[in-house]
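In: got a structure for you, letters missing:
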């Protein structure tokens, strides 16, 4: 008969002895990681990329992104827009998870309202302010760009801005109500396309205000690398999320953003941070309408 002592000293040995590494093994593994990680990090330049992703996450959302050990330069902040679509994907996946959960308990309309509410909480309504300010300024009937800028900088909400907010939220709600039942996975796409619109606009436009502003650091530091990185991420998400329809959404977003850039160039000489918010929100609504098209 096998004694209990033989289970630890002889054979057979307990299963945990094969699963749990010994102290020497753990130390060797830690030494290996500490040796290889700096070389791996230096070769692939992961630290700047991780910093840029955290900056993009902290700028676009209310999600925790940690603290930064040093003051962030405008160039570092501007180049973080490469990862704006990735942040959009994070938002989209959270909304998709919420949708799948809510569908088990609530009607479609309540699910759509929850999606809009959580989207607002995740972003802090950051771009809705730009939508309202841009609509107030561009639809004020003024032709002088300085007058338009002063209206856009005004903290009060005008009638055009209020109407644009109501109409946009109604459009989003209606489209999401359709998509939840027919194509729920597509909910992960529209935040991606909205953030890609920002990068597309900063890549093709100059900053309009002579005194500078928040949007200037994005227009000044958006090169081909930032635009291509954002484009590859957006294209991958669109194809994986909705196939050919996702590709159509991304192409329509690019065309729509080009139209915004041309209108702003002719009327204002460029774009501002408020216009970036307008482009993001209106592009999201456009993508949702395209995704909902064809369903009854």
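Out: Yep, that arrived. None of the values given here were measured: they were computed from a predicted structure.
In: out of everything not next to it in sequence, what's closest to residue 231?
Out: In this structure, residue 231 finds its nearest non-sequential neighbour in residue 196, 7.1 Å apart by CB to CB, 6 or more residues apart in numbering. C-beta coordinates here come from the backbone N, C-alpha and C atoms, glycine included.
In: so that neighbour makes contact with residue 86?
Out: No - Residue 196 is beyond contact range of residue 86, at 10.4 Å (criterion: CB atoms under 8 Å).
In: quick one, what contacts the most centrally placed residue in the chain?
Out: Closest to where the C-alpha atoms of the chain average out (CA atoms, centre = their mean) is residue 88, at 2.3 Å. Listed by CB atoms under 8 Å, 6 or more residues apart in numbering, the contact set of residue 88 reads 60, 191-196, 234, 237.
In: same thing but 10 Å
Out: 56, 60-61, 123, 188-198, 230, 233-234, 237, 280, 284 (CB atoms under 10 Å, 6 or more residues apart in numbering).
In: returning to that earlier point: for the helix or strand that the residue nearest to residue 231 is a member of, which helices and strands make contact with it?
Out: Using DSSP states H and E, the element containing residue 196 is helix 190-204. Other helices and strands packing on helix 190-204, by 3 or more CB pairs under 10 Å, 6 or more residues apart in numbering; DSSP states H and E, are helix 46-60, helix 84-102, helix 108-123, helix 126-138, helix 159-182, helix 216-220, helix 224-268, helix 273-292.
In: need those helices in CSV (columns: mean pLDDT).
Out: Putting the helices and strands packed on helix 190-204 into CSV (pLDDT from 0 to 100) gives the following:
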stretch, mean pLDDT
helix 46-60, 85
helix 84-102, 94
helix 108-123, 94
helix 126-138, 90
helix 159-182, 92
helix 216-220, 88
helix 224-268, 93
helix 273-292, 94
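In: and of these, who's closest to residue 146?
Out: Among the helices and strands packed on helix 190-204, helix 224-268 comes nearest to residue 146, with 9.8 Å by CB to CB.
In: quick one, that closest one and helix 190-204 angle?
Out: Counting by axes from the mean of the first three to the mean of the last three CA atoms, to 10 degrees, helix 224-268 lies at 80 degrees to helix 190-204.
In: counting by contacts, list what helix 224-268 packs against.
Out: Using 3+ CB pairs under 10 Å, 6+ apart, helix 224-268 sits against helix 46-60, helix 74-79, helix 84-102, helix 126-138, helix 145-153, helix 190-204, helix 273-292.
In: pick the most buried one from the ones you listed.
Out: Highest mean neighbour count of the helices and strands packed on helix 224-268: helix 190-204, a mean of 28 (counted as mean count of other CB atoms under 10 Å).
In: next, the angle from that helix to helix 108-123.
Out: Counting by the same axes, to 10 degrees, helix 190-204 lies at 40 degrees to helix 108-123.
In: ok now helix 190-204, how far from the chain's centre?
Out: Per CA atoms, centre = their mean, to the nearest Å, the displacement of helix 190-204 from the mean C-alpha position of its chain is 9 Å.
In: dump the residue contacts of residue 56.
Out: Contacts for residue 56 (CB under 10 Å, 6+ apart) come out as 65, 77, 79-88, 90, 195.
In: how much space separates it from residue 81?
Out: 7 Å (CB to CB, to the nearest Å).
In: identify the contacts common to those two.
Out: Any residue near both residue 56 and residue 81 by CB under 10 Å, 6+ apart counts here, and that gives 87, 195.
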